[in-house]
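Peer 1: Let me see the structure of the following:
(3 chains)
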Amino acid sequence: MSEYYRHRRHQLHQLLEPGLRRMLLFSFVLHLIVPIILSGVLNATHKTPKVPVYRVNLVNKPVKDPRAGRPDAVPTKKKKKKVTPKPVAKMIPVKPTKTVKTKPVVKKSPPVKTVKPDKTAQKSLAKRLAEMQAEAERKAKLDKLKAALAAQQADLGRPDVQAPVGEPDGTGKGIGVSDVRYVENFIKEQWRLSEYQLPRLDLEAEVKVYYSKEGKQGHWAMVKKSGNPFFDNSVKTAIIKSRELGYELPDAGEFEIIFNLKDLQQR
Amino acid sequence: MQLKAVFKMTVLLALATLLTVGCAKKPKTDESSQVAQTEMQQQQVAEVSEQPVTETGSSSSSAQDSMNKVVSSLMRVGFEYDQYVLTAEAREALKNNAIYLKAKGVRVQIEGHCDERGSDEYNLALGENRALTVKSYLVSLGVPADRLSIISYGEEIPLVMANTEEAWAQNRRAEFKELN
Amino acid sequence: MKKILGILLLVSLFSSLPALAVRIEISAPGEQTIPLALTRFLPMGGSATDSATKVDEVLIADLDLSGLFELADRAAFLSDAEELGLHSTKVDFGQWRLLGVDAVVKGGYHIDGEKLVVEARLYDVVSQRLLTGRRYVGKVGDERRIAHSFADQIMLALTGKMGPFNTRLAYISTRSGHKELYLMEVDGQNPLRLTDHRSIVLDPDFSPVRKEIIYTSYKKSNPDLYRKEIYTGSEARFSQRPGLNTGGRYRSDGGELVVTLSKGNNSDIYLLGTDGTIHKRLTTHWGIDVSPSWSPDGDKIAFVSDRRGNPQIFVVDINSLKVERLTFEGKYNATPDWSPTGEWIAFTRRTEGQFDIFLIRPDGSGEHRLTFAPGTKEHPRFSPDGRFLVYSLDLKREKSIHVMRIDGTGDRRLSAPGGNDTHPAWSGYWQ
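Peer 2: Next up is the predicted model:
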């Protein structure tokens, strides 16, 4: 067998040019790549990942805890419900002192006028009166707070309160700003361009820019120009001004930023 | 090997493009060539020396008044807003005017006027149409056409300086000025 | 061989890896103004004079009217504001970047006897480049003109289109007791009376090619058309047909005029040669036809006609004489002015008891109202760059000249108080 093959190989060697073997090998390698590509090994990565769609909030600039402190910020609202008694309890020691200081001045006089009991009874009566007063006021305070809470909850039904403020994913927990939106708003703030500089508003440019994890700008390139030199220049300036984001990204990466004037066109 | 060379080239090219796009280009230009020199032209505007003028008669047609005497017995004719057709009242007044003109044999200029509302130039044309209507009506009543000339002052010479309906009504008029 | 295979595989793998870039769309700039630092001009040798103040005032006013800029607060300026910096290498751009400005204006002046030299520069702070630079040689007293001129250059550098600040406005004023023709700078300064007809002067228009104004005057007891050379002061009557000789407007090349003539009969629109001869009659209608305005390419005329019962804007084609109606809304539309860019026709419309300024595209689309404040607005006229509109405002007690951007913003009064100022007209580029 081996002898036979060796013989055949020898025959082939004699028949064919010496460079052919290398050529065939090269051809084989190239052909190998074809099934690799077709096999789907690379196919998975070929699918362009879903482009994240980010909502642009044109009215509100990015803030941390965008919904914090809002009555409609869901987590805080729930907490408030449970916590409400506590502040009231804390307030009580403060309030009585206030009322005792002021009210007894008025209350002291009637007992003195009507009867003339001994000082201790007078004192205890005054004390009790003060206590009753404090209790009444505490109840009133509680009622007020309850009413306020009820009103607040009723308010939540109002459309203006329910309207989203800050970022849609804002929770008030401190992760209000998504990183992408931060970058977007940062660069947007650097972009200065007046309508009066342009003869038309249907302009668009695209820039690819790399940011390190530390928010430092790496290479960037204008991959699509609008054709209007003033528009394109303003975009370049915005990118150059965005060298440092002053913000740590979860990961380094490339951003494809499209600059256009759709919001101005709609007006 | 050849393949290696090709690979090297592509890597180099990729690096080169990355490098070039990464740098903000700062073209070296000679600034002095960009700084243009402008010699300010020294031309003196032919202005008219301005002297303060007292306010007497500033709003009336003083120039024309001095030249033309008002034919006092000729009646003024009024018009509706943005109209130049003659009202019944206007026709009555013009009949009287025609008798006077035929008897006296004077030459008069009919002035067309408008109220201040509306465009100046449109009012000039409107005033002219008012004067023309008056003229053709007088001619139809037997006044020789060659004794009647017309001019429009548009809204330039109001009779009453006010922004009321009454004032505007008085200003929409045709007047008669005797010519020498 | 195996190595090559491996490398090839790796290369193919990497090259086919998609860029995992995050896509962001920014659909409007953060701010629609350019942050600009305007430094005071500094003396280049010699002592400081009020030249810097004069230049400064004009530049601030012009740049403000442009609506392009947000002028940086001078109190925040650092030491570089005190440096002449007439070359980009001499400017400490770091300081300006720190202030957040994108552009900086620097300049210097030198007075030698009566001679005044002003150097002015506009730098891009981010790219650290000179955007525009100019050296002006003139006389003491030319400061305002020089500043207007540099404001125009700033506009050119940042928009590609020259500003209209070093131009003139003509208007009619009664300050002398009669309606006479006046001339002023575009910021309302240095008004000059040009006529002494002691009669009624109306409706001026500038020649686009010569320093010349045409207007209508009753000087010879008929509304005749006159022209006056601004610098020599020589005046000529060149259309004195019976009746109206009004609304004269030069074609953009100055070669022909369009006018309203009534010939003592009925007002129609005519084309005149610069010698006053009739070239062509454009309208033939028993109705009133007035207020013609050229399209920038000179093939159409917008005008006012009451042929449909009340004053409306129409457009006539000069060659075919075909007339098309432009405005359909409102009961009184008048005084059209065609923008030099060809994009808009401005006109006035009677609204609720007053007139207001509207814009409409020459094809009849995009009609919208620009003015809403009380008072009648009349005689809108475009600036030669089409960015601004000048008009007269009638507030019952007095009439004044105003200017605004063509989006209706930036409105301001130009003429000084205490006069009845009407009929503004904007000159072409002046130099």
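Peer 1: thinking C:Arg121 is in contact with C:Thr132, fair?
Peer 2: Yes - in this structure C:Arg121 lies within contact range of C:Thr132 using CB atoms under 8 Å: 7.5 Å. Any C-beta I mention is one placed from the backbone N, CA and C, and that applies to glycine too.
Peer 1: show me where pLDDT drops low in chain B?
Peer 2: By pLDDT under 70, the low-scoring segments of chain B are B:1-33, B:42-43, B:45-72, B:180.
Peer 1: all strands for it, in order.
Peer 2: Taking DSSP state E as the criterion, chain B carries its strands at B:35-39, B:69-70, B:77-78, B:108-113, B:148-154, B:173-178.
Peer 1: Any chance of those in TSV with mean neighbour count as columns?
Peer 2: Below are the strands of chain B laid out as TSV (neighbours: other CB atoms under 10 Å in any protein chain shown):
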stretch	mean neighbour count
strand B:35-39	14
strand B:69-70	12
strand B:77-78	22
strand B:108-113	24
strand B:148-154	23
strand B:173-178	22
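Peer 1: Tell me which of those strands lies nearest to C:Trp338.
Peer 2: For the strands of chain B, proximity to C:Trp338 was assessed by CB to CB; strand B:148-154 is nearest, at 23.1 Å.
Peer 1: who touches the closest one?
Peer 2: Residues outside strand B:148-154 that contact it (CB atoms under 8 Å, 6 or more residues apart in numbering or on different chains): B:61, B:107-114, B:120-121, B:123-128, B:130-132, B:134-135, B:138-139, B:179, C:200, C:218, C:221-223, C:243-244, C:264.
Peer 1: ok, now with 7 Å
Peer 2: By CB atoms under 7 Å, 6 or more residues apart in numbering or on different chains, the residues outside strand B:148-154 that reach it are B:108-114, B:120, B:123-124, B:127-128, B:131-132, B:135, B:138, C:222, C:244, C:264.
Peer 1: Could you tell me the angle between the direction of it and that of strand B:108-113?
Peer 2: 20 degrees (axes from the mean of the first three to the mean of the last three CA atoms, to 10 degrees).
Peer 1: quick one, strand B:148-154 and strand B:173-178 angle?
Peer 2: Going by the same axes, to 10 degrees, strand B:148-154 makes 130 degrees with strand B:173-178.
Peer 1: Please tell me I have it right and C:Gly428 contacts C:Asp205.
Peer 2: No - C:Gly428 lies out of contact with C:Asp205 (CB atoms under 7 Å); the separation is 10.6 Å.
Peer 1: Looking at these two, which is more packed in?
Peer 2: Using other CB atoms under 10 Å in any protein chain shown, the more surrounded residue of C:Gly428 and C:Asp205 is C:Asp205, with 24 against 19.
Peer 1: can you pull the contacts of A:Lys208?
Peer 2: Counting by CB under 7 Å, 6+ apart, A:Lys208 has contacts A:Trp220, A:Ala221, A:Val223, A:Glu254, A:Glu256, C:Ala21.
Peer 1: out of those, who's near chain B?
Peer 2: Restricting the contacts of A:Lys208 to those near chain B by CB under 7 Å from any CB of the partner chain leaves A:Trp220, A:Ala221.
Peer 1: Which among the contacts of A:Lys208 count as buried?
Peer 2: A:Trp220, A:Glu256, C:Ala21 (16 or more other CB atoms under 10 Å in any protein chain shown).
Peer 1: thinking again about what came up before, could I get the strands of chain B in TSV, plus columns for distance to C:Phe150?
Peer 2: Shown next, in TSV, are these (distance: least, CB to CB, whole Å):
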stretch	distance to C:Phe150
strand B:35-39	9
strand B:69-70	57
strand B:77-78	56
strand B:108-113	48
strand B:148-154	42
strand B:173-178	53
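Peer 1: What segments of chain B are helices?
Peer 2: Taking DSSP state H as the criterion, chain B carries its helices at B:2-22, B:31-34, B:62-67, B:88-104, B:120-140, B:165-171.
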